[in-house]
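*Asks:* what's the 3D shape of this:
(one chain, ligands or ions: 1)
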Amino acid sequence: MMRIRKAVIPAAGLGTRLYPMTRAQPKEMLPVLDKPVIHYVVEEAVNSGLDEILVIVGRGKEAIINYFDKSSMDDKVKDDYGLSSFPNILFVRQKEQLGFADAVRCARSFVGDDPFVVLAGDTIYRSGRKETVTSQLTSVLVKRHEPVIGLEKVPKELIRNYGIIDGSKEDGRIWKIRDMVEKPDPGDAPSNMGAIGLYALTPDIFDFIDRIKPGKNCEYQLTDALRLLAKEKTLLGYEIEGKRYDIGTKELWVSTFMEFARSDPRFGRR
Ligand code: UTP
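*Replies:* Numbers count the residues shown, from 1 in each chain. Predicted coordinates:
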């Protein structure tokens, strides 16, 4: 049976929507309670059986590399926070911030011929069932041998913040994707299912990334590569059971922090 072991975590973006907090520190190092966001992301990968992890970094992101450096940790930090159980993490540098798809492209030689998962470095997942959110997706890829992207139902007023799919529901939570529209007006959206920044992919995605042109802000968008893939091959979607917390804007970071604090007995209201 196919086993998925590789995780690619893009964390090289500039995080301009979080200025001035992120002028001199990576947004992936912002805390949610007592851990930086990137810690949750690596934890999600490890808890999903992914033990080969590549983080894409860029200029000014050295704090991420230092954070996972086991040689400089005292035992208490390693044991108390689970850092000792993390596998050794590899890093590669995205030379220019040319977008999410360009960051994924930096993982090409790491990925080789294997299936892999892409997790955004600024997004935390909490599963609504025993299996992690990432495992929900990899189970589909293992079964179907086709790439699958994480989806959630988006309320009308938030549709313009998402990549929305055009597709048909297959089986239970599985969708077959025909096309995708980036940040549509709610009136023009082909569905209410939005992409959540989590992807279980096959290595042929790199051929599609090579064929796309830069879009908004001169950035290469993974959505454009996925649209091509959906047209020429098969792209599945999976409506996750759980919740995603993207901390990419100030409002989202603050609300994530507050929700986590309220649900944690160490910090919640007594
Ligand atoms: P975002 O789409 O939120 O972009 O990235 P950003 O550039 O970090 O943020 P803003 O728009 O300037 O506020 C989603 C994830 O992809 C990574 C980011 O680090 C983040 O974890 N990313 C984005 C890259 O690795 N490289 C890029 O060129 C862009």
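*Asks:* around the ligand, which positions in the stretch 101-250 of the chain sit nearby?
*Replies:* 102-103, 120-122, 248 (C-beta under 6 Å from any ligand atom). The C-beta positions use only the backbone N, C-alpha and C, and glycine is treated the same way.
*Asks:* count the neighbours of the residue in the stretch 1-150 of the chain that the ligand sits nearest to for me.
*Replies:* Residue nearest to the ligand within the stretch 1-150 of the chain: Gly13 (2.0 Å; C-beta to the nearest ligand atom). Gly13 has 24 neighbours, counted by other C-beta atoms under 10 Å.
*Asks:* wait, is it part of a helix?
*Replies:* No. Counting by DSSP: H, G, I helix; E, B strand; the rest coil, one finds Gly13 to be coil, located in no helix.
*Asks:* helices and strands of this structure: which one bottoms out on pLDDT?
*Replies:* None of the helices or strands of the chain scores lower by mean pLDDT, DSSP states H and E than helix 75-80, at a mean of 69.
*Asks:* strands of the stretch 101-250 of the chain, residue ranges please.
*Replies:* 116-119, 123-127, 148-153, 163-171, 174-182, 193-201, 236-239, 242-246 (DSSP state E, counting those that start in this stretch).
*Asks:* against which helices or strands is the first one packed?
*Replies:* What that stands for is strand 116-119. For strand 116-119, the elements it packs on are strand 6-10, helix 37-47, helix 133-144, strand 193-201, judged by 3 or more C-beta pairs under 8 Å, 6 or more residues apart in numbering; DSSP states H and E.
*Asks:* any residue of the second one up close to the ligand?
*Replies:* No. Judged by C-beta under 6 Å from any ligand atom, helix 37-47 stays clear of the ligand, getting no closer than 8.4 Å.
*Asks:* mind listing residues that contact that helix?
*Replies:* 7, 9, 11, 26-32, 53, 55, 64, 67-68, 81-83, 85-87, 89, 117, 119-125, 132-135, 247 (C-beta atoms under 8 Å, 6 or more residues apart in numbering).
*Asks:* and the longest one, by the same measure?
*Replies:* Surrounding helix 133-144, the residues in contact under the criterion C-beta under 8 Å, 6+ apart are 1-4, 44-45, 47-50, 115, 117, 119, 125-127, 129, 131, 147-150, 174, 198-202, 236, 238, 240-242, 244.
*Asks:* among those residues, name the buried ones.
*Replies:* Buried subset of the contacts of helix 133-144 (neighbour count, 16 or more other C-beta atoms under 10 Å): 4, 44-45, 47-48, 50, 115, 117, 119, 125, 127, 131, 147-150, 174, 198-202, 236, 238, 240, 242, 244.
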